[in-house]
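Engineer: this is the structure alone, sequence omitted:
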């Protein structure tokens, strides 16, 4: 993905990515300039993987749609994603459904990031 110039959509739903896979994808996202849709739901991505994705969102300028559903994203992950949303000006869809531990603090931070 770092050097790919043609792929615009990547669906990795329920493929066992885990945190290490998410971190690798995040690293590639910091350099990729073509990917607009990334589906990574149901991959058991832990906090470190969510943190890496959030960091990538701060610098990626092409991703439009990101699905992180059913990954056990917790409040701290939601806070990191909210911080990324404050600086990312391209993302138009963020799927977080079936993440039941976002917590009130995380949900408020996400809502505030959308203002």
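Structural biologist: Structure's in. What do you need? Source: prediction; values computed, not measured.
Engineer: ok, the residue nearest to residue 76 when sequence neighbours are not counted - how many residues close by?
Structural biologist: The shortest distance from residue 76 to any non-neighbouring residue, by CB to CB, 6 or more residues apart in numbering, is to residue 47 (6.0 Å). Where you see a C-beta, it was placed from the backbone N, CA and C, and this is true even at glycine. Look at residue 47: counted by other CB atoms under 10 Å, it has 15 neighbours.
Engineer: tell me the phi and psi of residue 48?
Structural biologist: Per-residue torsions, residue 48: phi -60, psi -40 (degrees, to the nearest 10).
Engineer: again, but for residue 106
Structural biologist: phi -60, psi -40.
Engineer: and the residue nearest to residue 41 when sequence neighbours are not counted, what does it touch?
Structural biologist: Leaving aside its sequence neighbours, residue 41 sits nearest to residue 69 (CB to CB, 6+ apart; 3.8 Å). With contacts defined as CB atoms under 8 Å, 6 or more residues apart in numbering, residue 69 is in contact with 41-42, 95-99.
Engineer: related to what we said a few turns ago, might you report the residue contacts of the residue nearest to residue 76?
Structural biologist: Applying CB under 8 Å, 6+ apart, we find residue 47 in contact with 74, 76-77.
Engineer: off-centre distance for stretch 40-57?
Structural biologist: 6 Å (CA atoms, centre = their mean, to the nearest Å).
Engineer: change the start of the numbering to 8 and stick with it
Structural biologist: Yes, from this point I'll number from 8; that puts the last item at stretch 47-64.
Engineer: that one: which residues count as buried?
Structural biologist: 47-50, 52-53, 56-64 (16 or more other CB atoms under 10 Å).
Engineer: out of the residues you listed, which are inside helices?
Structural biologist: Judged by DSSP state H, these include 56-64 as members of helices.
Engineer: adding pLDDT, write those out as TSV.
Structural biologist: Formatted as TSV, these follow (pLDDT from 0 to 100):
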residue	pLDDT
56	98
57	98
58	98
59	98
60	98
61	98
62	98
63	98
64	98
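Engineer: okay, those in TSV with distance to residue 120 next?
Structural biologist: Below are those laid out as TSV (distance: CB to CB, whole Å):
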residue	distance to residue 120
56	20
57	15
58	16
59	18
60	15
61	11
62	15
63	16
64	11
